[in-house]
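**Q** the following block contains a protein sequence and its predicted model.
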Amino acid sequence: MKADNHYEAAFDAYLRQRGAAVVPVVEARRSYLDAEEVKSPDFLVISEAAKLVVDVKGRKFPGSAKGGKPRAVWHNWCEREDVIALCAWAARLGEGFRGVLAFTYDLAAGVELPEGTPDVFAFRGRAFLMRGVLASDYRSHMRTRSPRWGTVNLLSDDFRRLVKPFGRFLEPPADTVECTVPPAAHRSDALL
């Protein structure tokens, strides 16, 4: 976790308010699985019903487009390495751990969501919408966004189908496909 990242700070406060046990991971140095370097997650989260390895993706809503004009798009891109690392960590930490990409949307002033929208969280005078996608689901549906930057994303229809209020990940998991990664193979694009 980066203390100066307002998305991660908001997500940390949200988890604490929900009563989850939270271990923020200091990202100053790379971590290792076996002899391989692998991106560190942002948080390990334990609730009574869930064990999560989480990487926070902070996004603004509405998002901006070329020319700076705001667009009502729920951006869901991340680095391919984020997905690979979450799956590797979840597999290594053991049975029951799930990798989750947490999309923390900083809502612009004036954005109105339907009444009762779950997981809208006020933090430091701003409103955030907390959403998540299982890394295994993301991996199964992701598309290359930029080969040069190593980024991937989900098509809008796939994202709408897979994204959930983050609080759902703190509940007992339904039958899901867990991330499985053979030892020392977590960096291979062949797994994707």
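**A** Noted; the coordinates are in hand.

**Q** could I get the full set of strands for this structure?
**A** Assigned by DSSP state E, the chain shows strands spanning 21-24, 31-33, 36-38, 43-46, 51-61, 63-64, 70-71, 78-79, 97-107, 120-123, 126-134, 143-146, 151-153, 164-165.

**Q** mind putting these into a markdown table with distance to Pro172, mean pLDDT and mean neighbour count?
**A** C-beta: built from backbone N, CA, C; applies to glycine. Output for the strands of the chain, formatted as a markdown table (distance: least, Cβ to Cβ, whole Å; pLDDT from 0 to 100; neighbours: other Cβ atoms under 10 Å):
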| stretch | distance to Pro172 | mean pLDDT | mean neighbour count |
| --- | --- | --- | --- |
| strand 21-24 | 16 | 93 | 15 |
| strand 31-33 | 27 | 73 | 14 |
| strand 36-38 | 28 | 83 | 15 |
| strand 43-46 | 13 | 95 | 20 |
| strand 51-61 | 11 | 96 | 21 |
| strand 63-64 | 33 | 71 | 13 |
| strand 70-71 | 36 | 70 | 12 |
| strand 78-79 | 26 | 97 | 20 |
| strand 97-107 | 11 | 97 | 23 |
| strand 120-123 | 22 | 97 | 16 |
| strand 126-134 | 14 | 97 | 22 |
| strand 143-146 | 31 | 97 | 12 |
| strand 151-153 | 29 | 97 | 19 |
| strand 164-165 | 14 | 98 | 16 |
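
**Q** in a markdown table, list those along with distance to Cys87.
**A** Formatted as a markdown table, the strands of the chain follow (distance: least, Cβ to Cβ, whole Å):
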| stretch | distance to Cys87 |
| --- | --- |
| strand 21-24 | 19 |
| strand 31-33 | 11 |
| strand 36-38 | 10 |
| strand 43-46 | 15 |
| strand 51-61 | 9 |
| strand 63-64 | 26 |
| strand 70-71 | 30 |
| strand 78-79 | 13 |
| strand 97-107 | 5 |
| strand 120-123 | 27 |
| strand 126-134 | 10 |
| strand 143-146 | 17 |
| strand 151-153 | 13 |
| strand 164-165 | 18 |
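
**Q** the residue nearest to Val25 when sequence neighbours are not counted: neighbouring residues, count only.
**A** Nearest residue to Val25, sequence neighbours excluded (Cβ to Cβ, 6 or more residues apart in numbering): Ser40, at 5.0 Å. When neighbours are defined as other Cβ atoms under 10 Å, Ser40 has 18 of them.

**Q** show the contacting residues for the residue nearest the centre of the chain.
**A** By Cα atoms, centre = their mean, the chain has its centre lying nearest to Leu101, at 1.7 Å. By Cβ atoms under 8 Å, 6 or more residues apart in numbering, the residues touching Leu101 are Val54, Asp55, Lys57, Cys78, Asp82, Val83, Leu86, Gly132, Val133, Ala135, Tyr138.
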